[in-house]
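K.L.:
Starting from these lines, generate the structure:
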Amino acid sequence: MLRGVGLYLAVVQLLFALGWIVYAIYLPELAQKVGLERKWVPWILAADQLVFIVTDLVVGVWSDKAARVLGRIGKAVLAATLVSSLAFLLLPWLAPGGSAVLFIAVTGLWAVTSSALRAPPLTLLGRYVAKPQQPALVAFTALGLGLANAVQPYVGLALKGVDPKGPFLLSALVLAAVTLGMVAAEHALARVRSDAGAAGMAGAAAASRPSPAFLPPRVTPASALFLAAVVIAAASFQVHVFLASAPLYRAAGGGEWITHLMPVFWIGFNLALWPASRWVRGNGAPLVLAQGAVLGAVAVAAAHVASSLAPNLATLVVAQLVAGTAWAAVLCSAFTGALRFGSSGREGFFNGSLQSLLAVAALSRLLVVVLVAPTPAQLVSWAGAPALTFALAGLLMVAGLARLRGWPAAAA
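P.N.:
Residues are numbered from 1 along each chain as shown. Modelled structure (predicted):
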C-alpha cells in the first residue's frame, strides 16, 4: 500500500511541476498580451517565489494543526488545488487584451493556492509513515519533480507555436482530477499506521488518533544549522543547473545537442533517488547531506574544468550525472531530516520551512538574472562558484555532526 501511495504522490508532484513548466514557457507571451514588457517576466517569477516563501511556511504550520483530524489535510489540499487549477486555466483566457492588474492578481491566487501541494503531502508522510520507510516515500515524491525537469526541454519544443489555452486547460484539469485521490491517500496512510501500531485496538479507534497534539514551532541549534546547510546547497544547485549548465555545454562544444544534454543532470538525479533513500536510511540525514554536498562540490568543480579550463564534452556529461546524483542525496536527506526534526507534531512546520528556503534559493537565482543579467561568458567564468558553496554546505554539516550532541539521534 505504501508503494502505491508513493507512486501517487510522485504523479501529483510530476503534474504540479509540469504545470509550472507550462506557466514559465508561456508567461512572456501572456504578459505581452496584457501590455507587460518582457523585462517584467523575471520579476513576476520572483514574486511567485516570494509568495511561496510566505505561504509554504504558513501552510506547513496549518497542516500540523489540521493533521489532528483524519482526512482534513486531504480535503483542504483538494479544495485549494481546485481553486488553483481554476486560476491557472483562466490565465490564457484573461491575457488577450485583458487587464495587467487582473492578470497579476490571478497569477498571485494561483501561486498562493498551489502551496497546498508542497508541504502538506510531506506532513502526511511524517505523521503516518514509520521512520525507516520515510526516505523511500520522500524519494518517490522527488521522482515526480525530477521527471518533470528531465522532460522540460522537450515540453518547450512540443509547445512551440501552440495556443496556450489548450496546454493550460489540460494541465489544470489533469492535476485537479488526480488530486481527487488525496483524501483516499491520507486514509490509506492512516490505515497503514493503524495496522502497524495498534495491536489490540480497533482500526477505527487507531485512525481517530492519527498523530500527536499540535506543538508550537520551535527551531533547535541542530535543526537551524541543518536548514542553513540545505539553503546554501539549494542556492548552489539553482545557479549550477538553471544558469550555468547551458553555457557550460556550449563552451564544451555541445551547443548542437543542447536540448538532449540539458536533461543529463536530471537523469543522474532520478537514477540516484532510490540508492539515496537507502543511503539516508542507513546513515542518517545529516551525514548524507554532508556527503551529498561534498560530492556536489566535486562534480560542479569537474564540470567547470571540463567546460572552460580543459574543454571535454564527455567529461562534462559525466560530471553532470554525478552532480545530479549529489543533488538526489541532498534533497532526499533534506526532506527526510525535516520529517525527523519535526517528528511528534512539527512535521508541517519543518517541511514548510524547508520549502520556503528552497523558494529563497530559487529567488536568489532569479535576482541574479534580474539585477546582474550575466552573459553566457560570465556564467562560464562563474561556474566554479557553486562548487565552493556546495563545499560550504558540507562543512557546515560536518561541523554540526562534530559539535552538536545528539544530532545523529535527532535526525537519523
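K.L.:
Please pull out the lowest mean pLDDT helix or strand from this protein.
P.N.:
Using mean pLDDT, DSSP states H and E, helix 203-208 stands out as the lowest-scoring helix or strand of the chain, at a mean of 39.
K.L.:
In the stretch 1-150 of the chain, mark out all the helices, start to finish.
P.N.:
Counting by DSSP state H, counting those that start in this stretch, the segments of the stretch 1-150 of the chain that form helices are 2-33, 41-66, 72-94, 100-114, 120-128, 134-158.
K.L.:
where among these is the average confidence lowest?
P.N.:
Note on the helices of the stretch 1-150 of the chain: helix 120-128 shows the lowest mean pLDDT, a mean of 83.
K.L.:
Contacts for it, please.
P.N.:
Helix 120-128 is contacted by residues 9, 12-13, 59-60, 63-64, 66-67, 73-74, 76-77, 134, 137-138, 141, 182, 185-186, 189-190, 192-193, 210-211, 335, 338-339, 342-343, 347-348, 351 when judged by C-beta atoms under 8 Å, 6 or more residues apart in numbering. Backbone N, C-alpha and C define where each C-beta goes, glycine included.
K.L.:
Then stretch 302-315?
P.N.:
240, 247-249, 251-254, 316, 318-320, 322-323, 380-381, 383-384, 387.
K.L.:
which stretches of the stretch 151-300 of the chain form helices?
P.N.:
Here the stretch 151-300 of the chain has its helices, by DSSP H, counting those that start in this stretch, at 165-179, 182-197, 203-208, 221-238, 245-251, 258-261, 264-283, 285-304.
K.L.:
what would those look like in JSON lines with distance to residue 118 and mean neighbour count?
P.N.:
Formatted as JSON lines, the helices of the stretch 151-300 of the chain follow (distance: least, C-beta to C-beta, whole Å; neighbours: other C-beta atoms under 10 Å):
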{"stretch": "helix 165-179", "distance to residue 118": "13", "mean neighbour count": "18"}
{"stretch": "helix 182-197", "distance to residue 118": "13", "mean neighbour count": "18"}
{"stretch": "helix 203-208", "distance to residue 118": "25", "mean neighbour count": "14"}
{"stretch": "helix 221-238", "distance to residue 118": "14", "mean neighbour count": "23"}
{"stretch": "helix 245-251", "distance to residue 118": "24", "mean neighbour count": "22"}
{"stretch": "helix 258-261", "distance to residue 118": "29", "mean neighbour count": "14"}
{"stretch": "helix 264-283", "distance to residue 118": "18", "mean neighbour count": "21"}
{"stretch": "helix 285-304", "distance to residue 118": "19", "mean neighbour count": "25"}
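K.L.:
Same list, those helices, but as CSV with distance to residue 368 please.
P.N.:
Listed next are the helices of the stretch 151-300 of the chain as CSV, based on distance: least, C-beta to C-beta, whole Å:
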stretch, distance to residue 368
helix 165-179, 28
helix 182-197, 36
helix 203-208, 48
helix 221-238, 9
helix 245-251, 13
helix 258-261, 21
helix 264-283, 19
helix 285-304, 16
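K.L.:
Figure out which of those helices is closest to residue 360.
P.N.:
Closest to residue 360 of the helices of the stretch 151-300 of the chain, according to C-beta to C-beta: helix 221-238, at 6.0 Å.
K.L.:
name the helices or strands packed onto that closest one?
P.N.:
Under the contact criterion of 3 or more C-beta pairs under 8 Å, 6 or more residues apart in numbering; DSSP states H and E, helix 221-238 touches helix 285-304, helix 313-341, helix 347-367, helix 385-403, helix 407-411.
K.L.:
Of those, which is nearest residue 268?
P.N.:
Proximity to residue 268 (C-beta to C-beta) singles out helix 313-341 among the helices and strands packed on helix 221-238, at 2.7 Å.
K.L.:
Which positions within that closest one qualify as buried?
P.N.:
The neighbour-count check on helix 313-341 (16 or more other C-beta atoms under 10 Å) flags 313, 315-341 as buried.
K.L.:
try stretch 44-59
P.N.:
Quick answer for stretch 44-59 (16+ other C-beta under 10 Å): 44-49, 51-53, 55-57, 59.
K.L.:
Out of those residues, which comes closest to residue 173?
P.N.:
The closest of the buried residues of stretch 44-59, once distances to residue 173 are taken by C-beta to C-beta, is residue 48, at 21.6 Å.
K.L.:
coming back round to it: which of the helices of the stretch 1-150 of the chain is buried the deepest?
P.N.:
helix 120-128 (a mean of 28; mean count of other C-beta atoms under 10 Å).
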